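Peer 1: A structural model of the following input is requested.
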Amino acid sequence: MRLNDFSKNIRVNDQRGMGGGLGGGGKVGCGAIVIALIGAVFFGIDPMTTLGVVEGVQQGGAPTGQGNGKTVEESCSVNQYSRETCAALSSLDATWQPLFQEAGIAFKQPVLNFYDGRGQSGCGAAQSAMGPFYCPTDQGIYIDTSFYDQMDQQLGAGGDFARAYVIGHEYGHHVQTLTGTSNWVRQMQQQNPQMANQLQVRMELQADCYAGVWAAKNPQLIEPGDIEEGLTAASAIGDDALTKGRVSPDNFTHGTSQQRMQWLQKGLKTGDEDQCDTFADVRR
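Peer 2: Down below sits the predicted model:
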């Protein structure tokens, strides 16, 4: 993917080298950590479920400002993965902000939070074993960039577009927060507990579609082989592929490989965020 360099106007927080910890007095039980570890490679994992956060209750605030005293430029230049991630965030901001303005919806940039090993978020502890995630409480995207190596070596999902897809997916969750979709889903899950997993799957598939829309709206950035990298990544992180039959479809939380590829492709082919309504039949 031929990403431009990152903008210094993106919002970045750097917790690397700060020792991590729960922060803010937040506590995460051992059971929740085990669940998070089991879901390690399910990037896009929902911290509201894995970290035991009760709806409407914040378990601890994420740090603000530039952790470690680093500027955006310094944080984004730590390594190649940092620069790629910041560049993807810049492009995502530039793509989504005008769409929100056109729709008359208030837009706010998410905060990209780097950490290594352990960190803290508005949703509780962050651990690298969880994979990248989005926290709606502080509207932050959290990532330990070593995950990219794990994605390549353990899942066979390498390449710069596969990595960009990760950030595009997490940004999709930010879009859901700003549009009110996230709150609506939480309410629906509380009212219909038997549909909780199904609704979570739809959240993840919509985020996949939004990642595809971002790429489709920036065709000048796409290089040969990029789309194949993205689809390989989507297939590799399907619930059925990761669990290899050890978890029943009723307990899926992110969608099958086929579903994830299908919705990523829909975003890529249409370039239309309105085509990403994975809740159309539920809203009727």
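
Peer 1: Quick check: which ranges of the stretch 101-250 of the chain have low pLDDT?
Peer 2: The stretch 101-250 of the chain contains residues with pLDDT under 70 at 239-250.

Peer 1: Buried ones in stretch 187-194, by neighbour count?
Peer 2: Across stretch 187-194, burial judged by 16 or more other Cβ atoms under 10 Å covers 188-189. Every residue, glycine included, has its C-beta placed from N, CA and C.

Peer 1: what's stretch 269-281 in contact with?
Peer 2: Contact with stretch 269-281 is made by 99, 175, 181, 185, 199, 202-203, 205-206, 209-210, 212-213, 216-217, 263, 266-267, 283, as judged by Cβ atoms under 8 Å, 6 or more residues apart in numbering.

Peer 1: Mark which of the residues you listed are buried, thanks.
Peer 2: Buried among these (16+ other Cβ under 10 Å): 175, 181, 185, 199, 202-203, 205-206, 209-210, 212-213, 216-217, 263, 266-267.

Peer 1: Where do the strands of the stretch 101-250 of the chain begin and end?
Peer 2: Taking DSSP state E, counting those that start in this stretch, the strands of the stretch 101-250 of the chain run over residues 111-114, 118-121, 124-127, 133-135, 140-143.

Peer 1: Format those strands as CSV; extra columns: distance to Cys276 and mean neighbour count.
Peer 2: Converted to CSV, the strands of the stretch 101-250 of the chain look like this (distance: least, Cβ to Cβ, whole Å; neighbours: other Cβ atoms under 10 Å):
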stretch, distance to Cys276, mean neighbour count
strand 111-114, 22, 26
strand 118-121, 26, 26
strand 124-127, 27, 26
strand 133-135, 16, 28
strand 140-143, 19, 26
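
Peer 1: Can you add distance to Gln15 and give the ones you listed back as CSV?
Peer 2: Below are these laid out as CSV (distance: least, Cβ to Cβ, whole Å):
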stretch, distance to Gln15
strand 111-114, 6
strand 118-121, 4
strand 124-127, 8
strand 133-135, 13
strand 140-143, 9
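
Peer 1: and Asp149, which of those is closest to it?
Peer 2: strand 140-143 (12.4 Å; Cβ to Cβ).

Peer 1: before we move on, the earlier item: can you list which of the buried ones among the contacts of stretch 269-281 are found in helices?
Peer 2: 175, 181, 185, 199, 202-203, 205-206, 209-210, 212-213, 216, 263, 266-267 (DSSP state H).

Peer 1: so which pair among these is furthest apart in space?
Peer 2: Spanning the widest gap among those are Leu199 and Ala216, at 25.7 Å by Cβ to Cβ.

Peer 1: what residue lies at the spatial centre of this structure?
Peer 2: Centroid-nearest residue in the chain: Glu170, 2.0 Å away (criterion: Cα atoms, centre = their mean).

Peer 1: thought Gln189 was touching Ala196?
Peer 2: Yes - using Cβ atoms under 8 Å, Gln189 is in contact with Ala196, at 4.4 Å.
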